[in-house]
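1. Kindly generate the corresponding structure for this input.
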Amino acid sequence: MRSAGHAARAGAVAALTALTLLVASPTASALYRDDGDDPGTGLSVAETLGLYVVTPLVLFLVIAGLVVVADRSSRKSGQVAGRQEPNRG
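-> Numbering: from 1, shown residues only. Modelled structure (predicted):
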C-alpha cells in the first residue's frame, strides 16, 4: 500500500512537471512567424527516423560495446571492475 502511494506521488509530480514545461514552452504557443524566420525544407520520414531513432541506437550500441570490451579486458588481467585488488607485495 505504501509503495502505491509513492508511485502515485511520483506520477503526479512527473505529470505536473511535463504540463508546466509544455505550457511554458514558447514554441508550443507560437501561432505566427517571427520576422526574419526562414525555415529550411522539412525532413523526410527516412531522415527523421535516421536522426531520432537509428543514430541514438547506434551510439548506445557503440558505448555499450566499448564498456563490454573494457570489462572483459580488465577481467582477463585479474581485476574486477570498480574494485582495486590489494597490493600483496
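2. what about residue 70, distance to residue 59?
-> According to C-beta to C-beta, to the nearest Å, residue 70 and residue 59 sit 17 Å apart. (Each C-beta comes from the backbone N, C-alpha and C, glycine too.)
3. ditto for residue 69
-> Computed as C-beta to C-beta, the residue 69 to residue 59 distance reads 16 Å.
4. same deal with residue 34?
-> On the measure of C-beta to C-beta, residue 34 and residue 59 end up 33 Å apart.
5. For the two, indicate the residue with more neighbours.
-> Each of residue 34 and residue 59 has its neighbours counted (other C-beta atoms under 10 Å); residue 59 has more, 10 against 6.
6. pLDDT score for the more buried one?
-> With respect to pLDDT, residue 59 scores 97.
7. Which element, helix or strand, includes it?
-> Using DSSP states H and E, residue 59 sits in helix 55-76.
8. Packing partners of that helix?
-> Contacts defined by 3 or more C-beta pairs under 8 Å, 6 or more residues apart in numbering; DSSP states H and E place helix 55-76 against no helix or strand at all.
9. CA-only coordinates of that helix in PDB, if you can.
-> Extracted as PDB, the C-alpha positions of helix 55-76 are listed here (Å, rounded to 0.1, in the frame of the first residue of the first chain):
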ATOM      1  CA  THR A  55      21.500   7.500 -34.600                       C
ATOM      2  CA  PRO A  56      20.800   7.200 -30.800                       C
ATOM      3  CA  LEU A  57      20.600   3.400 -31.100                       C
ATOM      4  CA  VAL A  58      23.900   3.200 -32.900                       C
ATOM      5  CA  LEU A  59      25.500   5.500 -30.300                       C
ATOM      6  CA  PHE A  60      24.100   3.300 -27.500                       C
ATOM      7  CA  LEU A  61      25.400   0.100 -29.100                       C
ATOM      8  CA  VAL A  62      28.900   1.700 -29.600                       C
ATOM      9  CA  ILE A  63      29.100   2.900 -26.000                       C
ATOM     10  CA  ALA A  64      27.800  -0.500 -24.700                       C
ATOM     11  CA  GLY A  65      30.300  -2.300 -26.800                       C
ATOM     12  CA  LEU A  66      33.200  -0.300 -25.500                       C
ATOM     13  CA  VAL A  67      32.100  -0.900 -22.000                       C
ATOM     14  CA  VAL A  68      31.800  -4.700 -22.600                       C
ATOM     15  CA  VAL A  69      35.200  -4.800 -24.200                       C
ATOM     16  CA  ALA A  70      36.800  -2.800 -21.400                       C
ATOM     17  CA  ASP A  71      35.200  -5.000 -18.800                       C
ATOM     18  CA  ARG A  72      36.400  -8.200 -20.500                       C
ATOM     19  CA  SER A  73      39.900  -6.900 -20.800                       C
ATOM     20  CA  SER A  74      40.000  -5.900 -17.200                       C
ATOM     21  CA  ARG A  75      38.700  -9.300 -16.100                       C
ATOM     22  CA  LYS A  76      41.400 -11.100 -18.100                       C
END
